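Participant: Build me a structure from this.
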Amino acid sequence: MSGGRILFPEFSCARTTCTITAPPNAYVSSSCWHQLFVRDGPTPSHPAWVRIGGDPTELGNWPDFPDFTLPGV
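Facilitator: Have a look, this model is predicted:
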């Protein structure tokens, strides 16, 4: 995995909702998209794409077309 990082962020859960604390600065994790896995014992979930930090290049500005489905939705 060239240039990849594995982060173990702090989190807290209450019933069926969890809150994940973002890394403290860009030296730990740069502003970009990451795959988030949740583990239940040894079994990982399917990943969800999450963005940490801002969106300086405005990659999150998806087109507003009626036939366009947002990725991951």
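
Participant: Nearest to the middle of the protein, which residue? Look it up for me.
Facilitator: Most central in the chain under Cα atoms, centre = their mean is residue 50, positioned 2.0 Å from the mean C-alpha point.

Participant: Correct me if wrong: that residue contacts residue 36.
Facilitator: Yes - between residue 50 and residue 36 there is a contact under Cβ atoms under 8 Å: 4.8 Å. The way it works is simple: take the backbone N, C-alpha and C, and place the C-beta from them, glycine included.

Participant: Can you show me the strands along the chain?
Facilitator: With DSSP state E, the ranges of strands along the chain come out as 11-14, 17-20, 32-36, 39-40, 43-44, 48-52.

Participant: any chance of these in TSV, plus distance to residue 68?
Facilitator: Below are the strands of the chain laid out as TSV (distance: least, Cβ to Cβ, whole Å):
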stretch	distance to residue 68
strand 11-14	32
strand 17-20	28
strand 32-36	18
strand 39-40	33
strand 43-44	30
strand 48-52	17
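
Participant: so which of the ones you listed comes closest to residue 67?
Facilitator: For the strands of the chain, the distance to residue 67 is smallest for strand 48-52, at 21.4 Å, taking Cβ to Cβ.

Participant: Many thanks, I have nothing further to ask.
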